[in-house]
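1. Let me see the structure of the following:
(2 chains)
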Amino acid sequence: MKNAIALIAFSLLPLSAQDVKFPESFDKLAAKAKETVNINLDGSMLQLAGNFLSGQKSGEATVKQLAAGLKGLYVRSFEFAEDGQYTDADVAPIRSQLAGAKGWSKIVDVAEKNEHTEVYARSEADKIVGMAVIAAESRELTVVYVDGPIDLARLSKLVNLDLDVAAPAKK
Amino acid sequence: MNRLEEALRDALRREEAPGGFTEGVLARLSSPAARPAPWVWLRWALVTTLSLLLLVAVQYNTERRRRAEGERAKAQVLTALRITAEKLEYTREKTTRATSRGPAAGRPVNTI
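-> Here you go, the predicted structure:
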């Protein structure tokens, strides 16, 4: 009974960067994946990164502006050599965290054959102050959690910019 | 009173320095024993130099690590935001494609 009350109380709390936790099953997925990206950047790391981002180069300047207001940035991405390396149950804990959290809402949900993409947003006073993306494809699973205000228009510019991005960790 | 004066006069009477006193003092001053050995200065110079070198090395290493950490954080921010942007763009394309097909096309598409 006490556990149930604690669980209900916990679910009513608004989520923060530390509360959105990647499930332990992701560690097993990393072992199966041919490529993984595992990024954990808290506020201090983002600030440090900001010091090394150029304000002159157009791509880096955009990233610098985007990162300036963020409190956390967390990414897990797995690319598999073949289909069926993960199940819906691997992603379910993330979904349940976001679905039950105060202030969060699912703003996009696109499901196609073997593909399911969801975008969640947390808003305060008509501003997006948090965002999560779950992109599940047949051979790729990506979960992004952004804590802090994010300028989507500015973010979309990054797709076409030539960023000097290091290749993901290869196994 | 006179005896006291006499005693004081005796005690404070000027006396000539013993013969060879000046030479003795000068010889003592110029003797190697009176001067600090050169290796003492050398030792201190060496200790100071090594301390400075150690300080510079520690500073350099700290700066190098901070820079490496910063560059790593920068690369991670670039990667993370690039992935986020790509996934959002991919989602936008899929949403556009799915909505253009219309709801009769099948799979659920919810956008707010």
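2. near chain A at all, the longest helix seen in chain B?
-> Counting residues, the longest helix found in chain B (DSSP state H) is helix B:38-101. Yes: residues of helix B:38-101 are located near chain A by CB under 8 Å from any CB of the partner chain, namely B:67, B:69-71, B:73-92, B:94-95, B:98. Quick note: C-beta positions are derived from backbone N, CA and C, even for glycine.
3. Report the buried members of these.
-> For the residues of helix B:38-101 next to chain A, a burial check counting by 16 or more other CB atoms under 10 Å in any protein chain shown picks out B:70, B:73-88, B:90-92, B:94-95, B:98.
4. what about the strands in chain A?
-> A:35-42, A:72-79, A:104-112, A:115-124, A:127-136, A:140-147, A:169-170 (DSSP state E).
5. mind giving me TSV with those and columns for distance to residue B:18 and mean neighbour count?
-> Shown next, in TSV, are these (distance: least, CB to CB, whole Å; neighbours: other CB atoms under 10 Å in any protein chain shown):
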stretch	distance to residue B:18	mean neighbour count
strand A:35-42	84	18
strand A:72-79	89	22
strand A:104-112	103	18
strand A:115-124	99	20
strand A:127-136	96	20
strand A:140-147	92	23
strand A:169-170	90	10
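6. Reformat those strands as a markdown table; add mean pLDDT.
-> Output for the strands of chain A, formatted as a markdown table (pLDDT from 0 to 100):
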| stretch | mean pLDDT |
| --- | --- |
| strand A:35-42 | 94 |
| strand A:72-79 | 95 |
| strand A:104-112 | 90 |
| strand A:115-124 | 91 |
| strand A:127-136 | 92 |
| strand A:140-147 | 95 |
| strand A:169-170 | 48 |
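7. Any idea which of the ones you listed gets closest to residue A:153?
-> For residue A:153, the closest of the strands of chain A is strand A:127-136, at 11.3 Å, according to CB to CB.
8. what residue ranges in chain B score low on pLDDT?
-> B:1, B:32-36, B:101-112 (pLDDT under 70).
9. ok, back up a step: kindly reformat the strands of chain A as TSV containing distance to chain B.
-> Shown next, in TSV, are the strands of chain A (distance: least, CB to the nearest CB, whole Å):
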stretch	distance to chain B
strand A:35-42	5
strand A:72-79	5
strand A:104-112	4
strand A:115-124	5
strand A:127-136	5
strand A:140-147	5
strand A:169-170	10
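10. Which of those strands sits closest to residue B:50?
-> The closest of these to residue B:50 is strand A:35-42. By CB to CB, the value is 39.1 Å.
11. Which strands and helices lie in contact with that closest one?
-> strand A:72-79, strand A:169-170, helix B:38-101 (3 or more CB pairs under 8 Å, 6 or more residues apart in numbering or on different chains; DSSP states H and E).
12. from the middle of its chain, how far away would it be?
-> Computed by CA atoms, centre = their mean, to the nearest Å, the separation of strand A:35-42 from the middle of its chain amounts to 10 Å.
13. next one: stretch A:140-155
-> Counting by CA atoms, centre = their mean, stretch A:140-155 comes out at 6 Å from the chain centroid.
14. same deal with stretch B:16-33?
-> On CA atoms, centre = their mean, the centre of stretch B:16-33 falls 48 Å from the chain's centre.
15. nearest spatial neighbour of residue A:64, skipping sequence neighbours?
-> Counting by CB to CB, 6 or more residues apart in numbering or on different chains, residue A:64 lies nearest to residue A:53, which is 4.0 Å off, once chain neighbours are set aside.
16. Contacts only, for that neighbour.
-> A:60, A:61, A:63, A:64, A:67, B:74, B:77 (CB atoms under 8 Å, 6 or more residues apart in numbering or on different chains).
17. Residue A:145 too?
-> By CB under 8 Å, 6+ apart, residue A:145 lies in contact with A:17, A:20, A:72, A:73, A:74, A:75, A:130, A:131, A:132.
18. go on, residue A:122?
-> Contacts for residue A:122 (CB under 8 Å, 6+ apart) come out as A:15, A:101, A:103, A:104, A:105, A:128, A:129, A:130, A:131.
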